[in-house]
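Engineer: below are the sequence and a predicted model; questions follow.
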Amino acid sequence: MPPQDFESSHYACTINMQSSSRRIGGCVLSKGVLALVGNTPMIELHNVVPACGAEVWLKYEAGNPTGSYKDRIAMSVLDKAMSRGDVSPGDTIVEYTGGSTGSSLAFVSAALGLKFIAVFSDAFSQSKHLTMEAFGAEVIVEESYGKGITPELIERMKDRAMSLCDDANAYYVDQFGSSDVTVGYEPMGQEIADALDCDVDLLCASVGTGGALMGTWQGLVKSGSEISVVAFEPAQSPFLTTGKGGAHKVEGVGVGFEPPFLDRAGLSEIRTVDQEIGFAMCRRLAKEEGIFCGGSTGLNVAGAIEIAKEMESGQRVVTLACDSGLKYLGGNIYI
């Protein structure tokens with residue numbers, strides 16, 4: 001069979017040039033590793049959900065190259081920055097990160113010839129630190145002093161990143177402010193709509209920046225789905241529901257300030273989920289469904305199940321499996 005070339009429909013310029021592929025026999029051979037991002041599967045849960053109530057479906061984002069949906073925004077932000085001429089191969093980019101966004105930025109930077117400096121903390125998984133370094137990133141660690149993930153720690157990490165941008169004349173990625181973030185998540189909503197023929201009643205997920213939930217929702221809406229949207233946060237850091245953050249152990253969510261991309265007007269509700277219930281759900285998902293995931297996914301599924309119990313049989317709840325449990329071995333979840 002002759003080679004067949006194709007391009008990703010979701011990404012322009014830099015990404016498209018690296019994502020052409022060809023088919024040999026039954027295998028698709030990609031000419032660029034960035035072509036592997038996206039088009040992840042939908043999984044219906046059967047064993048951890050009650051017999052009655054709505055169906056619960058997962059968008060399984062652990063299928064991305066670094067095992068996280070953050071690969072999507074790393075591609076979106078850096079591709080658009082290069083298209084605008086904000087950065088070029090050989091330039092340095094900087095971001096503060098709990099490690100999942102950092103791992104994705106390190107991965108995409110390696111593919112695009114950029115240098116990446118990550119401001120990280122020992123409050124987050126060591127495996128994420130090692131992943132970023134494996135992709136060639138420079139990792140600078142802010143101490144948590146054993147207090148976990150706190151608003152004060154996040155603020156220190158941000159200040160350090162901004163200082164580094166000034167010192168190194170580097171490009172600040174700005175995952176909490178760039179409009180390219182939500183755009184990067186829209187294909188996730190489009191993929192959900194395609195997989196379920198737009199038959200989705202409710203989308204729910206825990207929020208960090210709010211970009212994943214809002215971008216996925218926008219992608220669903222643009223695909224013709226009319227749905228309700230519910231946001232979750234850790235009960236240990238209930239900023240969205242009470243205005244007061246706190247220390248917690250769920251990486252990637254509950255940042256202790258108003259998520260910049262969260263559109264409260266588009267939400268039906270905001271709920272809290274106890275982190276220990278979320279961690280227990282991670283372990284159940286692994287043992288009972290064969291789904292190996294991180295803490296934010298456990299929160300998402302635990303919250304989605306509670307909502308599904310309140311809905312009718314035949315309705316559908318969709319939530320996000322944000323990343324792989326491989327990022328969290330030796331931490332607070334799988335012990």
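Structural biologist: Received the coordinates, thanks.
Engineer: wait, what's in contact with the nearest residue to residue 97 once chain neighbours are set aside?
Structural biologist: Nearest residue to residue 97, sequence neighbours excluded (Cβ to Cβ, 6 or more residues apart in numbering): residue 118, at 5.5 Å. Where you see a C-beta, it was placed from the backbone N, CA and C, and this is true even at glycine. Remark: with contacts taken as Cβ atoms under 8 Å, 6 or more residues apart in numbering, residue 118 is in contact with 94-97, 99, 102, 105-106, 132, 137-140.
Engineer: for residue 296, same thing?
Structural biologist: Counting by Cβ under 8 Å, 6+ apart, residue 296 touches 206, 208, 250-253, 278, 322-323.
Engineer: go again with 6 Å.
Structural biologist: 206, 250, 252-253, 322 (Cβ atoms under 6 Å, 6 or more residues apart in numbering).
Engineer: next SSE after the helix or strand where the residue nearest to residue 97 lies?
Structural biologist: Residue 118 is part of strand 115-121 when elements are defined by DSSP states H and E. Using DSSP H and E, the helix or strand that follows strand 115-121 in sequence is helix 126-134.
Engineer: that next one to strand 115-121, inter-axis angle?
Structural biologist: 160 degrees (axes from the mean of the first three to the mean of the last three Cα atoms, to 10 degrees).
Engineer: what pLDDT, on average, does helix 126-134 get?
Structural biologist: Mean pLDDT, helix 126-134: 93.
Engineer: from the chain's centroid, how far away is that helix?
Structural biologist: Helix 126-134 sits 17 Å away from the centroid of its parent chain (Cα atoms, centre = their mean, to the nearest Å).
Engineer: again with stretch 215-232
Structural biologist: Using Cα atoms, centre = their mean, the offset of stretch 215-232 from its chain centre is 16 Å.
Engineer: endpoint to endpoint, it covers what distance?
Structural biologist: Length of stretch 215-232, first residue to last, Cα to Cα, to the nearest Å: 16 Å.
Engineer: a markdown table for the contacts of residue 296, including secondary structure, pLDDT and distance to residue 126?
Structural biologist: Output for those, formatted as a markdown table (DSSP: H, G, I helix; E, B strand; the rest coil; pLDDT from 0 to 100; distance: Cβ to Cβ, whole Å):
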| residue | secondary structure | pLDDT | distance to residue 126 |
| --- | --- | --- | --- |
| 206 | strand | 97 | 22 |
| 250 | coil | 92 | 17 |
| 252 | coil | 84 | 15 |
| 253 | coil | 92 | 19 |
| 322 | coil | 95 | 19 |
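Engineer: quick check: what element follows the longest helix along the chain along the chain?
Structural biologist: In the chain, assigned by DSSP state H, the helix with the most residues is helix 151-168. On the C-terminal side of helix 151-168, the closest following helix or strand by DSSP H and E is strand 171-172.
Engineer: so what strands line up beside that following strand?
Structural biologist: Sheet pairing here is set by DSSP bridges, and for strand 171-172 it gives strand 92-96 (parallel).
Engineer: other residues contacting whichever strand or helix holds residue 204?
Structural biologist: Using DSSP H and E, residue 204 maps to strand 202-206. Contacts of strand 202-206 with the rest of the structure, by Cβ under 6 Å, 6+ apart, involve 213, 217, 227-230, 232, 253, 296, 299-300, 303-304, 317-320.
Engineer: now list the buried members of the residues you listed.
Structural biologist: Buried members of those, scored by 16 or more other Cβ atoms under 10 Å, are 213, 217, 227-230, 232, 253, 296, 299-300, 303-304, 317-320.
Engineer: filter those residues down to the ones in helices?
Structural biologist: 213, 217, 296, 299-300, 303-304.
Engineer: out of those residues, give me the two with the largest separation.
Structural biologist: Spatially, the most separated pair among those is 217 and 299, at 17.8 Å (Cβ to Cβ).
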